[in-house]
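[1] predicted structure and sequence below. I'll ask about it afterward.
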Amino acid sequence: MADVTAAMVKDLRTATDAPMMDCKKALTECDGDMEKAKEFLRDRGMAQTAKKADRVAAEGLLGLKISETFTSASLVEINSETDFVAKNDGFIALVGNTAAHVFTTGVSSVEELNETSYETGTFSEYFTSQVARIGEKIVTRRFVTLNAGENGCVNGYVHTNGRVGVLVAITCDSQKTAAALAPMVRNIAMHASAMKPTTMSYNDFDPVYVQEETIGRIEAIKTENEELARLKKPLKNVPQYISMSQLTPEVMAAAEEAIKAKLLADGKPEKIWANIIPGQLARFVADNTTLDKELALLDQNYVMDDSMTVAQALTKEAAAHGGTASIVEFVKYEVGEGLEKKVDNFAEEVAAQMA
């Protein structure tokens with residue numbers, strides 16, 4: 001059996017980043033053969049990964065890769081078991097490398113990603129070796145790639161904490177307009193990461209959902225007003241509706257008639273009504289579209305200029321460059337959303353170990 005020297009262990013550790021004792025064991029088992037030792041560590045890493053399979057990985061980071069021409073972009077979520085590991089330099093590098101590989105290969109599923117070539121093997125082998133180095137369960141949960149298409153632009157944003165990210169794709173009248181709007185598209189992605197829309201427009205809402213939300217929200221405000229009244233504080237306005245999808249021409253006509261009736265009752269001269277009614281109608285719309293402003297990207301007040309909606313802000317910016325633009329798609333990821341995180345009970349764990 002070949003002697004395993006400290007230099008050999010150091011070389012294997014440098015090549016694999018595996019723990020020192022694991023490197024020594026691998027070289028001993030493989031009779032000092034460096035390549036076989038690397039394979040041994042790789043196989044051991046796979047075994048460790050299998051042991052971790054039943055653990056919950058709900059922490060992690062998002063990775064983002066955008067083309068220099070803003071014609072395509074990929075967003076990736078890699079999950080870890082703990083937030084501590086998510087701050088590890090090796091984990092951060094793994095997330096960045098995965099995002100870049102997804103972007104380059106154009107794969108559409110994790111299974112497909114794992115089978116792609118990477119360095120001297122498959123991506124799955126590379127990923128498993130990194131998991132073995134880091135030391136806890138790590139999974140590629142999901143990813144998406146958006147392509148701009150003709151006269152389009154894609155840009156994205158990942159928040160500084162690495163846990164919320166958005167991709168936005170627009171289509172324009174020309175490639176010139178699309179190129180000029182790349183910074184604006186990033187700003188819209190930043191807006192979406194903060195405001196967390198769940199759909200593009202109020203047109204996407206199911207009517208039954210809107211009706212149920214309307215009843216629930218009105219009752220909630222009424223209950224809140226009871227407490228405000230008890231405290232002798234100003235009451236909140238109780239809306240009739242919550243979405244533009246409910247503001248039919250008949251509803252708007254009735255609202256205008258109600259405004260006119262109040263102006264008449266208040267003794268306002270009819271000759272100035274035309275100056276007052278548009279503002280009153282705009283207020284009516286604002287008060288009765290709270291669902292849209294919370295959940296529909298195009299209908300939200302733009303965070304960088306809340307006098308406009310996101311749709312209006314994009315239209316204005318496109319016009320400033322002599323063109324037109326509209327958002328065609330957006331994707332928002334939040335790390336761990338939808339996953340049930342394990343809650344450890346330290347007292348129970350200690351008690352179990354002492355039993």
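    Received, thanks.
[2] give me the contact list for stretch 249-267.
    Outside stretch 249-267, the residues within contact range by CB atoms under 8 Å, 6 or more residues apart in numbering are 241, 270, 273, 276-277, 280-281, 284. All C-beta spots, glycine's among them, are computed from the backbone N, C-alpha and C.
[3] at which residues are the helices of the stretch 51-200 of the chain located?
    In the stretch 51-200 of the chain, the segments counted as helices under DSSP state H, counting those that start in this stretch are 83-86, 89-105, 110-115, 123-134, 175-180, 182-195.
[4] out of these, flag the one nearest Cys153.
    With CB to CB as the measure, helix 175-180 is the member of those nearest Cys153 (4.1 Å).
[5] what helices or strands is that closest one leaning on?
    Counting contacts by 3 or more CB pairs under 8 Å, 6 or more residues apart in numbering; DSSP states H and E, helix 175-180 is packed against strand 152-158, strand 164-172.
[6] paired strands for the first one, with orientation please.
    Same thing as strand 152-158. When pairs are called by DSSP bridges, strand 152-158 turns out to pair with strand 164-172 (antiparallel).
[7] averaged pLDDT, the partner strand. What do you get?
    Computed over strand 164-172, the mean pLDDT rounds to 98.
[8] buried residues in that strand?
    Neighbour counts over strand 164-172 (16 or more other CB atoms under 10 Å) mark 164-172 as buried.
[9] so where is the stretch 101-250 of the chain shaky, pLDDT-wise?
    Counting by pLDDT under 70, the stretch 101-250 of the chain contains no low-confidence segment.
[10] most neighbours among the contacts of stretch 249-267, which one?
    Across those, neighbour numbers were computed from other CB atoms under 10 Å; Tyr241 holds the maximum, 22 neighbours.
[11] quick check on the residue nearest to that one when sequence neighbours are not counted: phi, psi?
    Once its chain neighbours are removed from consideration, Tyr241 has its nearest residue in Asn288; the separation is 4.1 Å (CB to CB, 6 or more residues apart in numbering). In terms of degrees, to the nearest 10, the main-chain angles of Asn288 are phi -110, psi 20.
[12] does Asn288 really touch Gln246, like I thought?
    Yes: in this structure, Asn288 sits in contact with Gln246. The criterion is CB atoms under 8 Å, and the distance is 7.4 Å.
[13] give me phi/psi at the most centrally placed residue in the chain?
    Nearest to the mean C-alpha position of the chain, by CA atoms, centre = their mean, lies Tyr333 at 2.2 Å. Dihedral angles of Tyr333 (phi, psi; degrees, to the nearest 10) stand at phi -110, psi 140.
[14] from Met184, how far out is it?
    Tyr333 sits 21 Å away from Met184, taking CB to CB, to the nearest Å as the criterion.
[15] got a markdown table for the helices and strands packed on helix 175-180, with distance to Ile259 too?
    Converted to a markdown table, those look like this (distance: least, CB to CB, whole Å):
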| stretch | distance to Ile259 |
| --- | --- |
| strand 152-158 | 41 |
| strand 164-172 | 36 |
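[16] domain ranges for this structure, per the record?
    6-51, 59-195 (automatic domain parsing).
[17] ends of the last one, what's the gap?
    It stands for domain 59-195. Counting by CA to CA, to the nearest Å, the length from the leading to the trailing residue of domain 59-195 is 21 Å.
[18] now it, how far from the centre of its chain.
    Averaging C-alpha coordinates over domain 59-195 and over its chain gives two centres that are 11 Å apart (CA atoms, centre = their mean, to the nearest Å).
[19] and for the shortest one?
    Shown here is domain 6-51, whose average C-alpha point lies 38 Å from the average C-alpha point of the whole chain (CA atoms, centre = their mean).
[20] on that earlier part again, can I get the helices of the stretch 51-200 of the chain in TSV with mean neighbour count?
    Converted to TSV, these look like this (neighbours: other CB atoms under 10 Å):
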stretch	mean neighbour count
helix 83-86	16
helix 89-105	18
helix 110-115	14
helix 123-134	20
helix 175-180	18
helix 182-195	20
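[21] for Gly149, find the nearest of those helices.
    Distances from Gly149 to each of the helices of the stretch 51-200 of the chain were compared by CB to CB, and the smallest falls on helix 175-180, at 9.7 Å.
[22] who touches the closest one?
    The list of residues contacting helix 175-180 from outside it, by CB under 8 Å, 6+ apart, reads 70, 148, 150-153, 170-172, 318, 321-325.
[23] then stretch 224-239?
    Contacting residues not belonging to stretch 224-239 are listed as 217-218, 221-222, 287-288, 290 [CB under 8 Å, 6+ apart].
[24] quick one: which of those residues is most hemmed in?
    In the contacts of stretch 224-239, the most neighbours by other CB under 10 Å go to Asn288, 21 neighbours.
[25] contacting residues for that residue?
    Asn288 makes contact with 239-243, 246-247, according to CB under 8 Å, 6+ apart.
[26] can I get the contacts of stretch 249-267 in a markdown table with distance to Asn97 and secondary structure?
    Putting the contacts of stretch 249-267 into a markdown table (distance: CB to CB, whole Å; DSSP: H, G, I helix; E, B strand; the rest coil) gives the following:
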| residue | distance to Asn97 | secondary structure |
| --- | --- | --- |
| Tyr241 | 49 | coil |
| Glu270 | 70 | helix |
| Trp273 | 65 | helix |
| Ile276 | 61 | helix |
| Ile277 | 59 | helix |
| Gln280 | 57 | helix |
| Leu281 | 54 | helix |
| Phe284 | 53 | helix |
